[in-house]
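K.L.:
Let me see the structure of the following:
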Amino acid sequence: MRKLLVLPSLVALAATVCFAASTSYVVTVDESTSANSATVFSLNTTTGVTTPVKKLSTGGLGLGGGFFAAATVTISSNYRCLFVADTGSDDIAAFAAPTFAKVGNFSNSAVNWSASGAGGSLALSPDGRWLYGSYSGSENIGEWAVGTGCKLTFVGAYTPSTGADLFATLHVTPDGKALIVPSIDFGIVTMFAINSTNGKLTEVNNVNFSSISGCSTNGCFPYGFDISGDSKVAFFGDPTLTNNGLFALGLNIDTTAGLSNPQFFPLPASAGVGNSTFPWLTRTAYPHGSGLLMLGMSGYSNGEVSGVVVAKVTPTPTLTAVSATPFATPDGSCNGCTGTLETTGNIAVSAQFPNLINVYSINPTTGAFTLLKSNVDPDASGLLSLHVIPVTR
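P.N.:
Presented below is the predicted three-dimensional model:
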C-alpha cells in the first residue's frame, strides 16, 4: 500500500506533467543570494538528462555557496512535506503536497546560518515529525516540530557538551532514535537520543577522533557522512589538507548506548582526486554497512580534482578503496566544486558548483563511474546540495 501512496505525490510534484510511478527526480537548492529557489527535475536514468519540472521559489535568500557536504533540502518519506534551508535569510521554507505550494518561511532568533557565511544542513526524522538543523552561524543545533500542513514550530536549540562549533552536517539514524552531529573543528562526533514523544534531544555520548592512530598525525575532521540502514555504522569524509585529503573515518552506533570504535582509513592517491567530503552507501551497502561506499571528493585548488573514490566497507567498520574516477565538467577547470552525491540504482548524481547536475552510470562490479550527462541548472548560482527521489536503497 505504501508504494501506491507514493504515486499521487510524485504526480502532484510534477505539476501538469503525468509521470509513471518509476520516474526519478532530482531536487536542487539554487542558493541564489537575491531570490532563492529549489528546482525539481525529472531524471532519465538511461540518458542522464534532467528536465525541469517545477521551480519552488522560497521567498528567502541563499548564501551562494557553503559547506561542500551541506544537505539543504529534505522531503518526508511520504512526499507530503518538502523543506529548503534559506541560508542567507536564516529561515526554512516549507512546501506541502499536493501542489507543493509554499506554506511559509519559519525562523527563530536562536539559530542562524548566515553569521559565518558557511550555512549548514537539515535532517528530518523518518516519521516526518521532527526537523533538525545544524547552524554554523549560531554554532548550535536547532529543533523544529512539523505540524499539520507542513507548518514548523520551533522547539529549541542545543549545543553539544564539547562546545559551540561551525556545525555543517547532521543526520537522524534510520530507526529514528538518535541524532548524530559532527563537530568538525574538534574532531568529535556527538550522539543525542530523540524523545519519541516530543522529539527533544538528550546527549548520550561522543567519540573523539583526534586521539586515535592516524588522526593525531594527519588531522581528522568528521564532515559529510552516511549511516547504514540498521543504524549501526557511519562513515565520514575527512577534508584534511594532509595527503590531499585522502582519508575517511568510521564509527559504530548503538542508538541506546551511544557511539564507539572510531576508525581512521587512509585512501590510496588515485586519479588525481582529493578532499574527501561526502560518503554515500550504495543499495548493496546501505542495509547493514557492508558493500560499496561512494566517497565524493570535492577537490582542491592546488591541483587535486573533484571525483569519487569507491570503497568496500564492512560494519566493523573497515574500508578498502577499490577505484577512483575524476568528475568531468564541460570546461575541465573545476577542482574544488563537488557537493552532495546520491545514487538511485546504478545511477549516481552529483552537485557541481556553481550550476551543474552531473549524472553517471556506475559499474556494479568495479564501481567505476562513466559520465552520462552534465546538466545545467539554469537558476543555480551556488549549487552544492541536491536530493534524489524516490530513495531506492
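
K.L.:
So for this protein, the centremost residue is which one?
P.N.:
Central residue of the chain (CA atoms, centre = their mean): Ala71, 4.0 Å from the mean position.

K.L.:
ok, the one helix or strand Leu319 maps to: who's next to it in the sheet?
P.N.:
Assigning secondary structure by DSSP states H and E places Leu319 in strand 318-326. In the sheet containing strand 318-326, its partner strands are strand 307-314 (antiparallel), by DSSP bridges.

K.L.:
mean confidence score for the partner strand?
P.N.:
Averaging pLDDT along strand 307-314 gives 94.

K.L.:
buried residues in that strand?
P.N.:
For strand 307-314, burial by neighbour count (16 or more other CB atoms under 10 Å) applies to 307-313. Bear in mind the C-beta positions are built from the backbone N, C-alpha and C, glycine included.

K.L.:
do the same with stretch 340-349
P.N.:
Buried-residue list, stretch 340-349, by 16+ other CB under 10 Å: 340-344, 347-349.

K.L.:
Check stretch 39-49 too.
P.N.:
So, applying 16+ other CB under 10 Å, buried residues of stretch 39-49: 39-45, 48.

K.L.:
hang on, the earlier thing: what's the local residue count around the residue nearest to the residue nearest to the centre of the chain when sequence neighbours are not counted?
P.N.:
Once flanking residues are discounted, Ala71 sits nearest to Ser121: 4.4 Å by CB to CB, 6 or more residues apart in numbering. Neighbour count of Ser121, defined by other CB atoms under 10 Å: 29.

K.L.:
Go ahead and confirm Ser121 touches Ala85.
P.N.:
Yes. Proximity of Ser121 to Ala85 meets the contact threshold set by CB atoms under 8 Å, at 7.4 Å.

K.L.:
Mind listing the shared neighbours of the two?
P.N.:
72, 133 (CB atoms under 8 Å, 6 or more residues apart in numbering).

K.L.:
ranges for the helices of the stretch 251-393 of the chain?
P.N.:
Read by DSSP state H, counting those that start in this stretch, the stretch 251-393 of the chain holds no helices at all.

K.L.:
Surely Pro378 touches Asn355?
P.N.:
Yes. Counting by CB under 8 Å, Pro378 touches Asn355, with 7.5 Å between them.

K.L.:
of the two, who's got more company?
P.N.:
Asn355 (18 against 10).

K.L.:
For the more buried one, give its distance to Ser109.
P.N.:
32 Å (CB to CB, to the nearest Å).

K.L.:
Can you tell me the SS state at Thr47?
P.N.:
coil (DSSP: H, G, I helix; E, B strand; the rest coil).

K.L.:
That one and Thr343, how far apart?
P.N.:
Counting by CB to CB, the gap from Thr47 to Thr343 is 17 Å.

K.L.:
One more: Thr190?
P.N.:
In this view, Thr190 and Thr343 are 28 Å apart by CB to CB.

K.L.:
Over to Pro326?
P.N.:
Taking CB to CB, one finds Pro326 at 18 Å from Thr343.
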